[in-house]
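# here is a sequence together with a model predicted from it:
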Amino acid sequence: MEHIQICKQRWFQTWKHLDARGSPSAIWQRIAEQYSEPHRHYHTLGHIHQCLNQLETVWNKVPNPYILSWSLWFHDYVYDIGSDWNEQRSAIESMRVATAAKLSGEFATTTCLLIVATKRHQVVEIPHIPRTYMEIFLDIDLSILGKPWKQYLEYCKNIREEYKNHFSWEIFSAGRADILENFLKREALFHYPPFRDLYERRARENLAREINILRTMNQEDAYAS
């Protein structure tokens with residue numbers, strides 16, 4: 001697929017720019033294998049491709065955007081359905097690869113903290129870097145929420161596919177509706193002002209629409225249109 005080749009090229013560009021030591025090919029192979037696991041339907045290289053494209057739109061808004069691109073590569077590296085430790089384990093792998101590649105301790109720690117923050121999707125302060133990094137990173141990961149309904153609906157279907165063999169529709173729909181309702185209670189879904197302007201209104205509309213589907217429809221009718 002074209003997006004996989006594009007992702008591969010971007011990975012090699014990131015490695016070269018950071019002057020990382022070791023083989024980018026070996027790490028790429030592991031990344032590609034992780035994001036191609038059969039239980040993944042949304043959290044794939046397609047998601048990484050979309051995130052990297054979103055990053056391109058704000059590339060010059062931070063001094064070192066490669067901190068963000070590296071973090072995006074690893075933020076869903078581990079994705080085990082039902083686990084509470086995916087983000088931490090993904091961060092550990094990022095730290096391990098960064099350390100082996102002789103990247104700075106500050107870089108390795110910063111990217112690790114960004115990845116862990118995707119567990120709650122709430123901005124936390126990281127020493128030595130502007131808050132903007134965290135805002136942009138978290139917003140990119142959730143940018144799908146503010147996409148047009150057709151694109152958002154495809155995301156919903158893929159999330160359901162990931163959970164289908166683990167949770168019945170009744171359990172899944174109730175749990176996901178609760179999660180989305182908690183998101184809607186937030187003062188803002190997006191932290192970085194340009195992304196908030198771009199996505200906030202539509203994201204709230206999409207979430208409300210999906211919650212109605214989850215609360216009122218059976219599995220056969222849900223996500224049909």
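Received the coordinates, thanks. Numbering: from 1, shown residues only.
# which residue packs closest to Thr111, ignoring adjacent ones?
Closest residue to Thr111 apart from its sequence neighbours, by CB to CB, 6 or more residues apart in numbering: Ser71 at 4.5 Å. Using the backbone N, CA and C atoms, a C-beta is placed for each residue, glycine as well.
# whoops, Ala188 was the one
Arg196 (5.9 Å).
# check contacts around that neighbour.
Asp139, Ala188, Leu189, Phe190 (CB atoms under 8 Å, 6 or more residues apart in numbering).
# repeat for Tyr66
Contacts of Tyr66 by CB under 8 Å, 6+ apart are Thr14, His17, Leu18.
# from memory Phe172 sits against Tyr163, does it?
Yes. Using CB atoms under 8 Å, Phe172 and Tyr163 qualify as a contacting pair, with a distance of 5.3 Å.
# the residue nearest to Thr111 and Gln219: what is the separation?
Distance of Ser71 to Gln219, computed by CB to CB, to the nearest Å: 35 Å.
# those two: which is more packed in?
Legend: neighbour count by other CB atoms under 10 Å for Ser71 and Gln219, higher for Ser71 (27 against 13).
# so which helix or strand takes in that one?
For Ser71, the host element (DSSP states H and E) is helix 66-74.
# chain center to that helix: distance?
On the basis of CA atoms, centre = their mean, to the nearest Å, helix 66-74 sits 10 Å off its chain's mean C-alpha point.
# quick check: mean pLDDT of it?
Averaging pLDDT along helix 66-74 gives 98.
# dump it to PDB, keeping only the CA atoms.
Listed next in PDB are the C-alpha coordinates belonging to helix 66-74 (Å, rounded to 0.1, in the frame of the first residue of the first chain):
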ATOM      1  CA  TYR A  66      11.100  15.400  15.300                       C
ATOM      2  CA  ILE A  67      10.300  15.000  19.000                       C
ATOM      3  CA  LEU A  68       6.600  14.800  17.900                       C
ATOM      4  CA  SER A  69       7.200  12.600  14.900                       C
ATOM      5  CA  TRP A  70       9.200  10.100  16.900                       C
ATOM      6  CA  SER A  71       6.500  10.000  19.600                       C
ATOM      7  CA  LEU A  72       3.800   9.500  17.000                       C
ATOM      8  CA  TRP A  73       5.700   6.500  15.700                       C
ATOM      9  CA  PHE A  74       5.700   4.800  19.000                       C
END
